[in-house]
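In: structure, please.
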Amino acid sequence: MSGIRLFLTALVFCFGLNACADQPGVPAAGIAARSAGPITEEKGLWREQDHWIPVEGTNQLILMRLCRPMGTNPARLVVANHGSPPSPAQRPNMAPWACDQRAISWFLTRGYAVALPLRRGYGASGGTWAETFGSCRDPNFVAGGMETARDIRSALAYATAQPGIRRDGAVVVGQSAGGWGSLALAARNPPEVAAIVNMAGGRGGRVDNLPNNNCRADVLATSAGQFGQTARIPSLWIYTANDSFFSPSLAGAMHQNYVQAGGVAEFRALPAFGQDGHGLFTAAGGPQTWGPLVEAFLANTLR
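Out: Modelled structure (predicted):
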């Protein structure tokens, strides 16, 4: 652990955009150490660095990509959170989204910095998959969501401490399991967060890989209400008519329970998108569909 402490101490004293670029980082178990390299235009239109960050309350580190917009003014942070594949065998193959991925560049072109954490149990972050909800007969969707929120909160705390990133007014965006974790984070009301964007959030979908076959739809809807009991951060929920994980009726039930319990949420039910609207967030044409909704929501919320 002394090596981790030295590494984290070194990060604290890195001021300026390029100062920490050559720090090698600390690898997760079995993963070779990597350096993000200097931030240069040769890396692409968007400046980026990969960081190994500590997860609060654990002895684990996860990989987080930080994408910075052009310019030198302090940037408001977006923490964008991935989903969870239906098959556990796919989790080791996952990687952070690229800074020039269409959904991520949508935020960058508007002056946001974007943090892209790869949560515990996914890809190079490795370690134990922390987001399990147990058996389908008696799932604990709240506990699984809170573990997702733990990783998101860790990324939020780390990224907002970096040079050139605003400490306040952050936006948390999550797709699928990442959206569910974003709602769990909203229940914690972190003071740095001003808005939540839930893109097709939920858990337990497509059991046996069958469309609209949820583990326990009733428990999922009730669990959303549990988050809503304490969540007071404004949120925008976006779902499509042809989401094969969370049908319009299930999405509507989750939202209804959330707001009836006290949660603050706008709900947008969109028409069918492509072959499966569950992938709207990162799909070709996705930002053109959800972008105006998110832009209007953030304009009204981030004042």
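In: so P88 sits right up against W129, yeah?
Out: Yes: with contact defined as CB atoms under 8 Å, P88 reaches W129; the gap is 7.5 Å. No exception for glycine: its C-beta is placed from N, CA and C like everyone else's.
In: nearest residue to T148 in space, please, no chain neighbours.
Out: G181 (2.7 Å; CB to CB, 6 or more residues apart in numbering).
In: all strands for this protein, in order.
Out: Along the chain, counting by DSSP state E, strands occupy 47-54, 61-68, 77-81, 113-118, 170-175, 193-199, 235-240, 265-270.
In: out of the ones you listed, the one nearest D276 is which?
Out: strand 235-240 (8.5 Å; CB to CB).
In: contacting residues around that closest one?
Out: Here strand 235-240 makes contact (CB atoms under 8 Å, 6 or more residues apart in numbering) with 182-183, 186, 195-201, 246, 248, 251, 255, 263-273, 277-278, 280, 290, 293-294, 297.
In: repeat that with 6 Å
Out: Outside strand 235-240, the residues that touch it by CB atoms under 6 Å, 6 or more residues apart in numbering are 196-200, 251, 255, 265-270, 273, 277, 280, 290, 297.
In: same check on stretch 263-275?
Out: By CB under 6 Å, 6+ apart, the residues outside stretch 263-275 that reach it are 228, 231, 234-242, 255, 258-259, 280, 283, 293.
In: try stretch 94-106
Out: Taking CB under 6 Å, 6+ apart as the rule, stretch 94-106 contacts 44, 46, 48, 65, 67, 114, 116, 118, 122-123, 281-282, 287, 291.
In: pLDDT score for the residue nearest to V142 when sequence neighbours are not counted?
Out: Once flanking residues are discounted, V142 sits nearest to S223: 4.9 Å by CB to CB, 6+ apart. With respect to pLDDT, S223 scores 98.
In: measure S223 to N212 for me?
Out: For S223, the distance to N212 equals 18 Å [CB to CB, to the nearest Å].
In: what's around N93, how many residues?
Out: Counted with other CB atoms under 10 Å, the neighbours of N93 add up to 9.
In: one step back: of the contacts of strand 235-240, select the buried ones using a ChimeraX command.
Out: Remark: buried members of those, expressed as a ChimeraX selection using 16 or more other CB atoms under 10 Å:
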select :196,197,198,199,200,251,255,265,266,267,270,273,277,280,290,297
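In: mind checking the strands of the chain for the one nearest to A155?
Out: Between those, strand 113-118 lies closest to A155; by CB to CB that is 3.8 Å.
In: the inter-axis angle of that closest one versus strand 77-81?
Out: With axes from the mean of the first three to the mean of the last three CA atoms, to 10 degrees defining the directions, strand 113-118 sits at 30 degrees from strand 77-81.
In: pull out the buried positions in stretch 52-61.
Out: For stretch 52-61, the neighbour count (16+ other CB under 10 Å) marks W52, I53, P54, V55, T58, Q60, L61 as buried.
In: how about the residues you listed in TSV, adding distance to L77?
Out: Shown next, in TSV, are the buried residues of stretch 52-61 (distance: CB to CB, whole Å):
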residue	distance to L77
W52	18
I53	14
P54	18
V55	18
T58	22
Q60	22
L61	20
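In: between the residues you listed, which sits nearest R137?
Out: Proximity of the buried residues of stretch 52-61 to R137 was ranked by CB to CB; the top entry is T58 with 28.1 Å.
In: list the contacts for that closest one?
Out: Taking CB under 6 Å, 6+ apart as the test, T58 contacts no residue whatsoever.
In: relative to S235, how far out is it?
Out: Noted for T58: a distance of 26 Å to S235, by CB to CB.
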